[in-house]
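>>> return a 3D structure for these sequence lines:
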Amino acid sequence: QTKTLSNWMKEQNIPGMHEIDTRALTKIIREKGTILGRIVCNEIPKNLPPIEDPNRRNLVASVSM
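Model prediction:
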């Protein structure tokens, strides 16, 4: 069955973006490093919880062996 990339991504619950200058975004990430953020639809909902910065946690300590 043939389907669009958009439909396949929706079925797989994979977020996507459109109408964004990916070259500019790549340049920002290259110059500034990784950036915390979230993908929102249309308008930013009020009362969103703050984005947790994983760099403030000791991630190595949370790994089990």
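>>> switch to C-alpha atoms for all contacts and neighbour counts from now on
Fine.
>>> what residues does stretch 46-60 touch?
Here stretch 46-60 makes contact (Cα atoms under 8 Å, 6 or more residues apart in numbering) with 36-38.
>>> so which of these would you say is closest to residue 17?
For the contacts of stretch 46-60, the closest approach to residue 17 (Cα to Cα) belongs to residue 38, at 11.4 Å.
>>> relative to residue 11, how far out is that closest one?
Note on residue 38: its distance to residue 11, by Cα to Cα, to the nearest Å, is 20 Å.
>>> equivalent analysis for residue 54, please.
Taking Cα to Cα as the measure, residue 54 falls 29 Å from residue 11.
>>> so in the protein, which helix runs the longest?
Ranked by residue count, the top helix of the chain under DSSP state H comes out as helix 22-32.
>>> could you export that one as CSV, CA atoms only?
This file holds the C-alpha atoms of helix 22-32, laid out as CSV (Å, rounded to 0.1, in the frame of the first residue of the first chain):
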residue,chain,number,x,y,z
THR,A,22,16.4,23.6,7.8
ARG,A,23,19.7,25.1,6.6
ALA,A,24,19.3,28.0,9.1
LEU,A,25,18.3,25.6,11.9
THR,A,26,21.4,23.4,11.1
LYS,A,27,23.6,26.5,11.2
ILE,A,28,22.2,27.5,14.6
ILE,A,29,22.7,24.0,16.0
ARG,A,30,26.3,23.9,14.6
GLU,A,31,27.2,27.3,16.1
LYS,A,32,25.5,27.0,19.5
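>>> OK, contacts around residue 38?
Residue 38 touches residue 51, counting by Cα under 8 Å, 6+ apart.
>>> name the helix or strand for it, please.
Per DSSP states H and E: residue 38 is located in neither a helix nor a strand.
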